[in-house]
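Asker: the sequence and its predicted three-dimensional model are supplied below.
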Amino acid sequence: MKKKYIANKCIVEENCLGQFCLHHIKTRGSGGSDSENNQMPLCAKHHTEVHKIGLNTFAKKYRKVEIFLKRTHEFDNFINKWLANFESCEKNQEFDLSQHVSTNL
């Protein structure tokens, strides 16, 4: 049986009460995974809200969510670039980390 409620705090408000769950940023039906980078912790109230109004509107309403999504997106972009350049790194060509990570977070 899949364990659904495994988060212990809500990203929107730290003092939310009740059950917590991990919301998929990209749905599994759209090819999203169960990885940590594709999930954000929400209380039941905010989880219901994100499904009602959509992720983009939800992120615009809550600054913490917008920041979280930006960091997750930048991390995913970095990993994808790193993987694409992994072969050239193996051939002793350097991969300049500073070109792929924002220092504005």
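Answerer: Received, thanks.
Asker: average model confidence for stretch 59-70?
Answerer: Across stretch 59-70, pLDDT averages out at 88.
Asker: over to stretch 30-46?
Answerer: Mean predicted confidence for stretch 30-46 is 88.
Asker: buried sites along it?
Answerer: Judged by neighbour count (16 or more other Cβ atoms under 10 Å), stretch 30-46 contains these buried residues: Asn38, Gln39, Met40, Pro41, Leu42, Cys43, His46. Where C-beta positions appear, they are placed from N, C-alpha and C, glycine not excepted.
Asker: which stretch of helix or strand covers the fourth one?
Answerer: Going back to what we said before, that points to Pro41. With elements taken from DSSP states H and E, the one containing Pro41 is strand 39-43.
Asker: which is the next helix or strand following that strand?
Answerer: Going down the chain from strand 39-43, the next helix or strand is helix 44-53, by DSSP H and E.
Asker: got the buried residues for the next helix or strand after that following helix?
Answerer: On the C-terminal side of helix 44-53, the closest following helix or strand by DSSP H and E is helix 55-61. Residues Leu55, Phe58, Ala59 are the ones in helix 55-61 that count as buried (16+ other Cβ under 10 Å).
Asker: list the contacts of helix 55-61.
Answerer: By Cβ atoms under 8 Å, 6 or more residues apart in numbering, the residues outside helix 55-61 that reach it are Ile25, His46, Glu49, Val50, Ile53, Val65, Glu66, Leu69.
Asker: let's see it at 7 Å
Answerer: With contact meaning Cβ atoms under 7 Å, 6 or more residues apart in numbering, helix 55-61 is reached by Ile25, Glu49, Val50, Val65, Glu66, Leu69.
Asker: tell me the one of these nearest Val12?
Answerer: Proximity of the contacts of helix 55-61 to Val12, judged by Cβ to Cβ, is greatest for Val65, which lies at 6.4 Å.
Asker: from Asn85, how far out is that closest one?
Answerer: From Val65 across to Asn85, the span is 30 Å (Cβ to Cβ, to the nearest Å).
Asker: ok, these two, which is more surrounded?
Answerer: Regarding Val65 and Asn85, a neighbour count based on other Cβ atoms under 10 Å identifies Val65 as having more, with 21 against 15.
Asker: please name the nearest non-neighbouring residue to the more buried one.
Answerer: Take Val65 and drop its neighbours on the chain: the residue closest to it by Cβ to Cβ, 6 or more residues apart in numbering is Ala59, 4.7 Å away.
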